[in-house]
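# Any chance you could fold what I've pasted below:
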Amino acid sequence: MTKHQIMKVLLVDKTDKTLEAIQSILEKIKGIEVIAVAKDYQAAIQFTTELKPEIIIMDINGSDFQFEKILKQLINVIPNVKIITTSLYSDSRYVLRALNAGASGYMLKDRAYEELAKAIRVIVSNKTYISPGIAGIVKEE
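Presented below is the predicted three-dimensional model:
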């Protein structure tokens with residue numbers, strides 16, 4: 001991030017508690033502005049089209065792999081958007097599917113408080129972020 005640049009962030013999660021927690025973390029990070037909160041994938045696509053965020057922090061539901069299609073659609077709307085996926089799942093299949101679909105990062109939800117600021121710094125530097133607790137699992141694949 002440049003010194004005075006404000007990064008516009010879209011949050012996507014179906015649970016109010018998670019949205020509130022992530023939003024409170026982001027409020028403490030200089031240069032970040034949450035421009036919208038989406039509670040489902042359809043709203044995420046609409047907000048992305050209308051508001052053009054630079055960063056999307058999106059929960060992925062492991063019960064289906066619809067998130068792959070959604071990630072591709074979001075990137076189709078804004079090709080250079082950075083997307084950090086958050087999940088409860090540490091299984092390498094989810095991580096690899098998210099990254100292969102175009103996510104810039106994969107972070108375990110229970111690590112958001114400790115890792116979110118670092119994850120944002122990494123992805124805006126055009127690198128991939130993977131929660132340290134699962135990075136070793138992914139490298140083995």
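
# Now for Asn80, how many residues are close by?
7 (other C-beta atoms under 10 Å). Where you see a C-beta, it was placed from the backbone N, CA and C, and this is true even at glycine.

# Give the burial count for the nearest residue to Ser87 once chain neighbours are set aside, as a bare number.
Nearest non-adjacent residue to Ser87, counting by C-beta to C-beta, 6 or more residues apart in numbering: Ile60, 5.0 Å away. By other C-beta under 10 Å, the residues close to Ile60 number 28.

# Doesn't Pro79 belong to a strand?
No: using DSSP: H, G, I helix; E, B strand; the rest coil, the secondary structure at Pro79 is coil, not a strand.

# Just confirm Val34 contacts Gln23, I think it does.
Yes: taking contacts as C-beta atoms under 8 Å, Val34 lies within contact range of Gln23: 5.6 Å.

# shared neighbours of the two, which are they?
Contact criterion C-beta atoms under 8 Å, 6 or more residues apart in numbering; residues shared by Val34 and Gln23: Leu11.

# Can you report how many residues lie near Val34?
By other C-beta under 10 Å, the residues close to Val34 number 17.

# Now it: which helix or strand?
According to DSSP states H and E, Val34 maps onto strand 32-38.
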